[in-house]
Every structure is written in C-alpha cells, then in structure tokens.
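In: Predicted model, plus sequence, below.
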Amino acid sequence: MNIAKQIVDNQIMNLIKENPRYFDDITDEERKKSKAFLMLAVSAYLDTEVSDAIRYLTDNAGDGGLDAAYIAEEQDSQIHVVLFQAKYTRDLEKESNFPANAIEKAVNTVRAVFDPYKQMELNENSRKAVTEIHSYLLDGYIPFVTYVCVNNGLKWNKDGQNHIENNFSGQHQVRFDYFNHEDIIRYTTKAKSIDATVQFSGKAIREDFNYKSVILGRVCISEIFRLMNTYEDSLLEKNIRKFLGKNAVNEGIRNTLVDDGKRSNFFFYNNGITIVCRKFSANYLQESNWKVIIENLQIINGGQTCKTIQQTMRDNPDIDFSGVDILVRLYEVSSDESVVQDITFATNSQSPVDFRDLRSNDENQILLEQSAKELGYVYKRKKDAQVASHANLDIIPSSVAAEAVLSVWKDAPHLAKHKKHEFFSTYYKMIFTDLNAAQMIIAVHVFRYCDNNRRKIIDNPEVQAQRPFSQYFIAMMMGRQLFLKMDLSLKGLTHRNFSQVKDVFEKNKDTIYHKCEEFLVDCLHKHFNSELQGIDGRTIAAVFRRFDLVERYMKSCPLLF
C-alpha cells in the first residue's frame, strides 16, 4: 500500500475528528472524507491554512463542476483563477486515473465560467464565485485559469488529455494541473537541504566581501530545467512568490523561449535568478565554465521564471535550448537567516508578494504571539505542517489576523477582500503597527462571525442579494457599532478590558449583524436607486471592490442598536 495515501487518509480522519463544525451539514461519512480531502488539497496547493482553504470550497450539489475556486487580482487588469475538482477513493489499494469524463466536464466548466454571457445552474457557493469572476470579466479584466484535478490515485489518461488538447490547444490562458496525495505530503513536510552542482557558461565573476561570497554569471536554461525536474518546488521553499501559472509575465517568458528570432537573446530580456546557499566551491583556477558545487541551495527570486522554463521545455522537446542562457546571482550567506530574509525582500520588491513567513520573526509578530498566549489564544506567526489543528477557533493564523484587522479596524474591507497577497508587504505597517493582541483577537471574532453568516441562506431576497459579497463590509460596520455601544476607541481596547469587550460582542452579535445588514441594504438602495433583487449579482459584486461605499455611507453610520 502507498504510504503517502495512508498518511493523507490519517490526516483526513484527524481533520474530521478535531473539526466537526466543518462537517456538521454532512451525515454521510464518505462525503465527510471527500470534503476533508478537498480541504487538505486546496490548503496544500494554495500554500495556506486549512481554516483559510474552507472559504474557497463550493463543493455540493449543483457546484457546476468546480469543488473550490480561488480568485486573485493581479497587476495590469488581470485575474488569476484557480479551480479545483477532487476525486477521493476510499479503497487505498486501488490505483485509478482521474476520470476522463470528469476532465470533459472540467473543460465545459471552464468554457461556461469564463463566458459572462452563459447561464449556469449553480449552488449558492459556486454562484458567488462565478458571479465574482463574471464581475471582473465585465470590467475588462483578463483571466488566467489553472484548473487543478485532485485525486489519491493516478493522473488522467490519454482520453482525458485529448479533451484538454481538443479544447485548449494553443490557448495560453488555460492550464490544467494534476495534484495528488503525494503532492499534499510534499507540500506539508519540511524540505530537506538541497545540495547540487550547477554548470556556469563562459566567464563568471566571483568576489568576497563582508564575510560573504558571490558569483555572477551565465547558466544555460537546460541546467535550470534539470534542477527543477530533480527537486521540483523544494528549490523554492524560501521563494515568496507563488507560481501563478499562466499570466502575462510568464507568457512573455514562454513566448520568448519558443520564438526562433528572440530565443538567443533571452539573457538580455530576463531579470535572472537569485540563489542563496550555505556554501559554494569550484575550481577558480579554471578561466571559464565553472562547475559550482552548492550546499543548501534555494532559489529566492526568479521562481516564476524557473517554473515557466520547466514547463516550456517540457512542452517543446523538439526545440534546441542549448544556446539559451540566463543570469544567475549566487550568494553564499552561511546560515544567517536574517541576511537571507533581507536579500529576499530586496530582490522581490518589484511587485507585491506574500511575505508572511519572512515577516514571522518581526518584533510585532513575536509580541502578538506572546500577548495572545496570555489571553488564551495561539497566534501562528508562520505556517507549518500541522494541518489538522489549524482550524481550531483558539488558533489564529497571522494571515487571518491581517485580513480581519484590515477589514474591522482599518476601514479597508475592499483591500482585505482583494489584496490578500499584499497583507505582509504593501499593507504590513498599516495592519500591524501598534496592534495589540486584544484588538487583533476581537477583530478575528467579528470577522469569523460575519464569514460564517455569509454562508447562511435567508428568505429575504433583498438581504440575500448582497450577503454573498458583503461580509468584509459588515465586519467593518460591526466593529464600529461595538465601539459606539461601549463608547470606546481602538486605542482604548487592551488586555485590561478584552474580556468585557468580547462579552458585549458575544451577547449582542446577532442583533448587531442584522442591524448592520439592514443598514447596508439601505445604503445599496441609495447607491443603485433600485430594489436589490432586480440587480445582477455581478454589478453588486463590483460595488464591493470599490471604496466609495464606505466613504459615502458607512463612515457616518450611527449606533443602530
């Protein structure tokens, strides 16, 4: 029996046992296992917490062929959408391919979801995701799609591949990816040190200064291809930029590599790759073509480039890439983690990325961890491999804290919803400067309560029309109402009155929520000058991406209860 299958199956059982609230709507034990498997897969693939992953789930009757959907707004009016379809087999001895008919359904799903003029019969969660996607498309955003097929067996067969190629051959906006139990284990276990040899081309520069060493030189992309095939994403453990699949930048790299007229100049078009290591050595008496032995190698900048090179060379085995080089910066930094962090920050500063793990040793994060513990909570500064325990309500991942604080206290619900990948870079100071544990925990309680209510269906069509899109704004309003009720300011919320504030919230949260929701519906009536049930959900979703709703109505909201 496959050991990885057994480990994942055990994680599934632990997840169900330790977090029954995520499965309270399911009575069938096999369906619980399927949902838990999906949660683990989404969490691992997106490199996020299980407690975060559950919000992306759409799995249920009428899901439209997508079990989960992740939407990220990128630069230059692009969105990156990751859709998931999972198939869990309880027979761990069985080795089944991902079904070809499921691939056919996935193909049809992609065609329907990304055409805003096509109608689909969907459940509430799927409809919310598809409506949000359509809202972006109607605003002129260009989608880049990754459809992830997940199982605990084997990849799809030739029939499945034919469905993909017959529909998306030459279409660079759509990519199908395969993910299984072994990938889940690889993503949730700590990477081992990577020791490798890299062949440099031509003359290179080596210099020692400040007790560190550096080599700058050319490396053939076939070397990068070899390294990526050998070590896969383990090379990128310290790389804070997740692979975004197909987007404009990566397509530009690919197009250059496959263009006969541009390929030889690839070195001049690309910013190169930055590698850090514990130690490197080579025969420096040799004038050129150094073969460099590298200990504990990690790529900290250029992960997108490396993944795109790997994919492009796999897809084009007939092209000769032997004369195509890329600039490589190799830094020997010993074991100084702070230097690695500083280099990673600096070399990735050209666009917003997720700096969560690198911020984990920041003084603000350490103080939050310590003070949250005093209040009876576990604040997780950094993601680890303990997947099952992540969903415990007393455990607060820093990513959830950032999202909650930005929504509830910083008057920026639109940023909290659409700028998740910038929490620990662009908005880090805005979120965490002078933030104490009491403020953070109350924000998380408010945010989680609103997020849970978002999933509930209500008979009032006016309220239901906005509920799938408004939880971030409702959370901001609830925080304001709580302070108005207690005649309190954010600065005045500390460990001394934390229990009192939490008690007032718990006793009044249902009333506050419904009053805020009624007020928000009135605001939307004024904004649209129309009844909400008659307005397309895509139009409502677009309103919540902007800030004018907060400025025009919500900041002046009086005490409602």
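Out: Great, that's in hand. Computed from a predicted structure; not experimentally measured. Numbering: from 1, shown residues only.

In: What residues sit buried inside stretch 172-188?
Out: 173-176, 179-181, 183-185, 187-188 (16 or more other C-beta atoms under 10 Å). Every C-beta, even on glycine, is put in place using the N, C-alpha and C of the backbone.

In: Now, those that are in helices?
Out: Applying DSSP state H to the buried residues of stretch 172-188, the entries found in helices are 181, 183-185, 187.

In: re the thing from before, between the buried residues of stretch 172-188, which sits nearest Phe528?
Out: Using C-beta to C-beta, Gln173 comes nearest to Phe528 of those, at 32.2 Å.

In: what about the helices in the stretch 51-200 of the chain?
Out: 100-113, 124-138, 158-168, 181-187 (DSSP state H, counting those that start in this stretch).

In: Go through those helices and find the least confident stretch.
Out: Note on the helices of the stretch 51-200 of the chain: lowest mean pLDDT is at helix 181-187, with a mean of 86.

In: Run the chain-centre distance for that one.
Out: 17 Å (C-alpha atoms, centre = their mean, to the nearest Å).

In: Same check on stretch 464-478?
Out: 22 Å.

In: Straight-line length of it, end to end?
Out: 18 Å (C-alpha to C-alpha, to the nearest Å).

In: Skip the chain neighbours and tell me the closest residue to Gln418.
Out: To be clear, residue 418 is His; Gln isn't right here. Glu73 (5.1 Å; C-beta to C-beta, 6 or more residues apart in numbering).

In: so the one you found makes contact with Lys419?
Out: Yes: if you go by C-beta atoms under 8 Å, Glu73 and Lys419 touch, sitting 7.3 Å apart.

In: Next SSE downstream of the longest strand anywhere in the chain?
Out: Longest strand of the chain, by residue count under DSSP state E: strand 196-209. Per DSSP states H and E, the first helix or strand lying C-terminal to strand 196-209 is strand 212-220.

In: hmm, back to that, and the residue nearest to His418, how many neighbours does it have?
Out: 17 (other C-beta atoms under 10 Å).

In: same for the longest strand of the chain, what does it pack against?
Out: Using 3 or more C-beta pairs under 8 Å, 6 or more residues apart in numbering; DSSP states H and E, the elements in contact with strand 196-209 are strand 212-220, helix 221-231, strand 291-295, strand 325-332.

In: Could you tell me how far Ile82 is located from Val145?
Out: Check again: residue 82 is Val, not Ile. 8 Å (C-beta to C-beta, to the nearest Å).

In: likewise Met313?
Out: Applying C-beta to C-beta to Met313 and Val145 gives a distance of 22 Å.

In: Please apply the same query to Asn316.
Out: The value you get for Asn316 to Val145, if C-beta to C-beta is used, is 21 Å.

In: Give me the more crowded residue out of these two.
Out: Val145 (21 against 13).

In: which of the helices and strands packed on strand 196-209 is buried the deepest?
Out: For the helices and strands packed on strand 196-209, the largest average neighbour count (mean count of other C-beta atoms under 10 Å) is found in strand 325-332, namely a mean of 21.

In: Give me the residues contacting that strand.
Out: 198, 200-201, 212-221, 224, 266-267, 270-280, 292, 294, 305, 309, 343 (C-beta atoms under 8 Å, 6 or more residues apart in numbering).

In: so where do the strands sit in this structure?
Out: So, for the chain - with DSSP E - the strands run 68-74, 78-87, 142-151, 174-180, 196-209, 212-220, 273-277, 279-281, 291-295, 298-301, 325-332, 378-380, 395-397.

In: okay, these in CSV with distance to Met440 and mean pLDDT next?
Out: Shown next, in CSV, are the strands of the chain (distance: least, C-beta to C-beta, whole Å; pLDDT from 0 to 100):
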stretch, distance to Met440, mean pLDDT
strand 68-74, 24, 86
strand 78-87, 28, 92
strand 142-151, 32, 94
strand 174-180, 33, 94
strand 196-209, 41, 92
strand 212-220, 37, 92
strand 273-277, 32, 91
strand 279-281, 40, 92
strand 291-295, 39, 95
strand 298-301, 29, 86
strand 325-332, 35, 94
strand 378-380, 8, 91
strand 395-397, 7, 90
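
In: wait, which of the ones you listed is closest to Phe37?
Out: Nearest to Phe37, of these and by C-beta to C-beta, is strand 78-87 at 6.0 Å.

In: Partner strands of that closest one, with direction?
Out: Sheet pairing for strand 78-87, assigned by DSSP bridges, gives strand 68-74 (antiparallel), strand 142-151 (parallel).

In: I'd like to know which of the ones you listed is closest to Asp522.
Out: strand 68-74 (28.3 Å).

In: so that closest one versus helix 124-138, what angle?
Out: Strand 68-74 and helix 124-138 are oriented at 30 degrees to each other (axes from the mean of the first three to the mean of the last three C-alpha atoms, to 10 degrees).

In: tell me the most buried of the helices of the stretch 51-200 of the chain?
Out: Of the helices of the stretch 51-200 of the chain, the one with the most neighbours on average (mean count of other C-beta under 10 Å) is helix 124-138, at a mean of 21.

In: give the contact list for the residue most central in space within the chain.
Out: Centre of the chain computed as the mean C-alpha position; nearest residue by C-alpha atoms, centre = their mean is Leu46, 4.6 Å away. With contact set as C-beta under 8 Å, 6+ apart, Leu46 has these partners: 52-53, 56, 70, 82, 242.

In: Go again with 6 Å.
Out: Tyr70 (C-beta atoms under 6 Å, 6 or more residues apart in numbering).

In: about what we covered before: looking at the buried residues of stretch 172-188, which two lie furthest apart in space?
Out: Farthest pair in the buried residues of stretch 172-188, by C-beta to C-beta: Gln173 and Ile185, 30.6 Å.

In: Tell me how far Asn364 lies from Ser371.
Out: 11 Å.

In: just Leu40 next, same as before
Out: Applying C-beta to C-beta to Leu40 and Ser371 gives a distance of 31 Å.

In: So which of the two has more stuff around it?
Out: Counted by other C-beta under 10 Å, Leu40 and Ser371 do not tie: Leu40 has more neighbours, with 26 against 18.

In: ok, the more buried one to Ala86 distance?
Out: 9 Å.

In: Scan the helices and strands of the protein for the one with the lowest mean pLDDT.
Out: helix 337-347 (a mean of 57; mean pLDDT, DSSP states H and E).

In: in stretch 441-458, what counts as buried?
Out: Buried-residue list, stretch 441-458, by 16+ other C-beta under 10 Å: 441-451, 453-455.
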